[in-house]
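In: task: produce atomic coordinates for the following.
(one chain, ligands or ions: 1)
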Amino acid sequence: MKRLHLSVPHMGGAEEGYVHEAFTSNWLSTVGPNIDRFEAAFSERIGLPCVALGSGTAAIHLGLRLLGVGPGDEVLCPTLTFVASINPAVYLCARPVFLDSERASWNLDPNVLEDVLRARATSGKLPRALILVHLYGQSADLDPIFALCDRYGIAVLEDAAEALGTRYKGHPVGVRAPVGIFSFNGNKIITTTGGGMLVAHDPAWVARARFWSQQARDPGVAYVHTEMGYNYRMSNVLAGIGRGQLEVLDDRVRRRRDVAFGYAAAFADLPGISLMPQAPWGLHTNWLSVFTIDEKLLGVSRDDLIAALEAVNIESRPVWKPMHLQPLFAASPYYGGTVAAECFHRGICLPSSTNLSPDDQARVIDTVRSAVVSLRPSLRASG
Ligand SMILES: Cc1ncc(COP(=O)(O)O)c(C=O)c1O
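Out: The predicted structure is shown next:
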């Protein structure tokens, strides 16, 4: 049986033409018309200047540097995220501090943030920055979080790697903080095979990030460097893919939501399997179709379901393992309760690609339903 992956690239049709233009015009490096047009179209859509980079991780690295994060600084981050959210803070020799999620969205809990900021203010040393993640296509609750960060003077970077197309109270996410980032990794809602975008309110910050992304070479013909840089720029070939992908973003958002709600409808009669919360304040793209399993109600564990799907060549996976439970961050402080840990233990991500055919989605649904029937002890006992 053909393998069904979790989230695969889905080209819109125009991408190959733009890539072909790069070849015929020989713009095969990190400059050229595709990259200019991709940035222009992205800026127009998002309403901020931007710079296209090699990855979302690179964008976080440059963004934290723009916020002035450096050795010894504390950087706050929700614990429930992918490791790439916080690794760049470690590149800068900063110290991660992890915070729990709230139940309504699985994103950063503003109450935990408030407790930590109040305690840090009393002890006299506030964190330098917050990396605010929008998980799986759902917006964090921005109003209370920004109110707190404004009150305590905490710089915010929005990690919208998983949330291009997501909205908070009608506005796109990733653009409220002074710096935001997006990812075009191969599994994201649109892709450049690998890539990222940094957006910022201050055009001078975007220019600075662009300068750093090209080895921070000072103006002039000689290779003079007064600052340290990186090789982080996106190539003009991949930007061609980005141009085509951006043209179909709205369709991809609709489709991701359809896939998630399609599963939810198909499982509606099964107690103990529910779509992750859809917080009232935003448009959740459901970049991944994420469900929680209540083993007592469903009679089947999350891991049983992953194994049953794998047995018929369908990829699924647990929700992100929280950072405070990672060996890498065993020494980092963590504040909060068990919300993120519960999401991890009970959450499953199902195949969510926008080009998932109805037959393939039915295969996933049938596999889940038969696993419930065959593995559930009470149903087995009653025949
Ligand atoms: C929440 C989050 N932040 C950051 C990244 C990093 O993006 P990239 O893979 O483009 O480096 C990813 C995805 O990969 C992510 O899911």
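In: just give me the neighbour total for the residue of the stretch 51-200 of the chain at minimum distance from the ligand.
Out: Of all residues in the stretch 51-200 of the chain, residue 56 sits closest to the ligand, at 2.6 Å by C-beta to the nearest ligand atom. Every C-beta, even on glycine, is put in place using the N, C-alpha and C of the backbone. By other C-beta atoms under 10 Å, 27 other residues sit near residue 56.
In: equivalent analysis for residue 190, please.
Out: Residues lying near residue 190 (other C-beta under 10 Å) number 25.
In: look up how far residue 297 lies from it.
Out: Applying C-beta to C-beta, to the nearest Å, the value for residue 190 to residue 297 is 36 Å.
In: so for the closest residue to residue 201 other than its chain neighbours, what's the pLDDT?
Out: Nearest residue to residue 201, sequence neighbours excluded (C-beta to C-beta, 6 or more residues apart in numbering): residue 178, at 5.4 Å. pLDDT for residue 178: 98.
In: residue 178: what's it in contact with?
Out: 66-67, 155-157, 200-202, 205 (C-beta atoms under 8 Å, 6 or more residues apart in numbering).
In: please spell out the PyMOL selection for the buried subset of those.
Out: To isolate the buried subset of the contacts of residue 178 in PyMOL, counting by 16 or more other C-beta atoms under 10 Å, use the following:
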select buried, resi 66+67+155+156+157+200+205
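In: redo the contacts of residue 178 as TSV? Include pLDDT.
Out: Converted to TSV, the contacts of residue 178 look like this (pLDDT from 0 to 100):
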residue	pLDDT
66	98
67	98
155	98
156	98
157	99
200	98
201	98
202	98
205	98
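In: and of the contacts of residue 178, the nearest to residue 304?
Out: Residue 304 lies nearest to residue 157 out of the contacts of residue 178, by C-beta to C-beta, at 38.3 Å.
In: pretty sure the closest one sits in a strand.
Out: Yes. Assessed by DSSP: H, G, I helix; E, B strand; the rest coil, residue 157 belongs to a strand.
In: okay, and the beta partners of it?
Out: Beta-bridge pairing for residue 157 (DSSP bridges): residue 131, residue 179.
In: stretch 191-209 near the ligand anywhere?
Out: Yes. Using C-beta under 6 Å from any ligand atom, stretch 191-209 comes into contact with the ligand via residue 196.
In: got the end-to-end distance for that stretch?
Out: Its first and final residues considered, stretch 191-209 spans 21 Å by C-alpha to C-alpha, to the nearest Å.
In: ok now that stretch, how far from the chain's centre?
Out: Relative to the chain's own centre, stretch 191-209 is displaced by 16 Å; criterion: C-alpha atoms, centre = their mean, to the nearest Å.
In: list the buried ones in that stretch?
Out: 191-192, 194-200, 205-206, 208-209.
In: swap in stretch 251-258?
Out: Residues 252-253, 255-257 are the ones in stretch 251-258 that count as buried (16+ other C-beta under 10 Å).
In: same deal with stretch 118-126?
Out: Within stretch 118-126, the residues that qualify as buried are residue 120, counting by 16+ other C-beta under 10 Å.
In: just the mean pLDDT for that stretch, thanks.
Out: The model assigns stretch 118-126 a mean pLDDT of 96.
In: got a list of contacts for it?
Out: Here stretch 118-126 has contacts from 74, 117, 127, 152-154, using C-beta under 8 Å, 6+ apart.
In: also near the ligand: which of the residues you listed, exactly?
Out: Among the contacts of stretch 118-126, the ligand is touched by none when using C-beta under 6 Å from any ligand atom.
In: and of the residues you listed, the nearest to residue 328?
Out: Comparing the contacts of stretch 118-126 against residue 328 with C-beta to C-beta places residue 74 closest, at 17.0 Å.
In: from residue 73, how far off is the closest residue to the closest one other than its chain neighbours?
Out: Once flanking residues are discounted, residue 74 sits nearest to residue 127: 3.9 Å by C-beta to C-beta, 6+ apart. Separation of residue 127 from residue 73 (C-beta to C-beta) stands at 7 Å.
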